[in-house]
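J.: Quick one, what's the 3D model for this:
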Amino acid sequence: MTRSYSFDYQVNRLGLWSVLVVILTALMSLFLPLDIAEGYQAEHVDRLVWLVANREDFIAAWINQIVAMLSLSLVFLSTAWRVREANPLLAVFAAITVTLSIMAFIIPKFIAVWTIPMLAETASSNAVSSEMADTLLQLLNVSVPFSLYTSFDYLGFWLYSVFALLVAIPLFGPTLSSKVASVSAGLFGILYHAQLIALWMGKISVADVEGSFLGATSLLLIVMIAMAVQFRQTLVITKG
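T.: Residues are numbered from 1 along each chain as shown. Below is the predicted model:
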């Protein structure tokens, strides 16, 4: 086995294992609360009380999200590696886009596990900085689509959509899994940008932003599963 061939094997194995981690973290997220149940509709006072009472679960939920995001990004980086032969330039741009998305995603998620719990604790006390903490906590609301916090998240998903458009055509191949991955990626990239234009034109209300944009991300799960099949096929061929 040559050195380059060994690296290709490692990348495909990394992609496959990353898919499994994404699935595991997705299952764990069903039992870990990312915010108060009412989310966008919740009153700030109620959310503050909830954050203090559920501090450990909140931190665990967002650590789980960090692991999920990093794993999904590794799947996409492995995907960018796979399309290098079909279009090396697009593969480079796709890898850069995923790397930028990691930076966009990691900022708010680190804020969730580091800053928000301390802000909630301070805002609920009679400390000198409690008023400032309360103001910052409202700016970093994880459920309001126009908060400083969620802006980074939507930026990360937009970068994912650019990545999807870059790899859609190079991904298309003779196998069913390659066709599914290609079409799903292309649809996600187009749909996300179409929704972004609709938002700018005032066609999507603030209350509907989360459902509209995050609903489209289900296509990324299809891309991920299709890529898992391709990663697995490559590993089997390599071992053979």
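J.: gap between the host helix or strand of Glu56 and the chain center?
T.: Taking DSSP states H and E as the criterion, Glu56 maps to helix 55-82. Going by C-alpha atoms, centre = their mean, to the nearest Å, the spacing between the C-alpha centre of helix 55-82 and its chain's C-alpha centre is 7 Å.
J.: Counting by contacts, list what that helix packs against.
T.: helix 3-29, helix 88-123, helix 148-171, helix 218-239 (3 or more C-beta pairs under 8 Å, 6 or more residues apart in numbering; DSSP states H and E). (Each C-beta comes from the backbone N, C-alpha and C, glycine too.)
J.: Toward the C-terminus, what is the element adjacent to the third one?
T.: Read that as helix 148-171. Trace forward from helix 148-171 with DSSP H and E and the next one is helix 176-200.
J.: Show residues contacting that following helix.
T.: 79, 157-158, 160-165, 167-169, 171-173, 204, 209, 212-213, 216-217, 219-220, 222-223, 226-227, 229-230, 233 (C-beta atoms under 8 Å, 6 or more residues apart in numbering).
J.: any residues touching the next helix or strand after it, and which ones?
T.: With elements assigned by DSSP H and E, the helix or strand that comes after helix 176-200 is helix 209-216. If you take C-beta under 8 Å, 6+ apart as the criterion, helix 209-216 is touched by Tyr40, Ser143, Pro145, Phe146, Tyr154, Phe157, Phe188, Leu191, Tyr192, Gln195, Leu199, Ile204.
J.: Check stretch 152-172 too.
T.: 69, 76, 79-80, 82-83, 86-87, 90-91, 93-94, 97-98, 100-102, 104-105, 107-108, 145, 178-179, 181-183, 185-186, 188-190, 192-193, 196, 213-214, 217, 220, 223.
J.: Show me the shaky parts of the protein.
T.: 1-5, 239-240 (pLDDT under 70).
J.: Can you give me the distance of the spatially most central residue of it to Gln10?
T.: The chain has Met69 as the residue nearest its centroid, 4.7 Å off, counting by C-alpha atoms, centre = their mean. Note on Met69: its distance to Gln10, by C-beta to C-beta, to the nearest Å, is 22 Å.
J.: measure Leu139 to Leu171 for me?
T.: 39 Å.
J.: So for those two, which residue has more residues nearby?
T.: Neighbour tally, Leu139 and Leu171, criterion other C-beta atoms under 10 Å: the higher count belongs to Leu171, 28 against 11.
J.: In space, what's closest to the more buried one - neighbours in sequence excluded?
T.: Leaving aside its sequence neighbours, Leu171 sits nearest to Ser182 (C-beta to C-beta, 6 or more residues apart in numbering; 4.0 Å).
J.: Could you check how far that neighbour is from Ala228?
T.: Counting by C-beta to C-beta - Ser182 and Ala228 are separated by 15 Å.
J.: Just the buried subset of the contacts of stretch 152-172, written out for ChimeraX, thanks.
T.: To isolate the buried members of those in ChimeraX, using 16 or more other C-beta atoms under 10 Å:
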select :69,76,79,80,82,83,87,90,91,93,94,97,98,101,102,104,105,107,108,145,178,181,182,183,185,186,188,189,190,192,196,213,220,223
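J.: Done for today, thanks.
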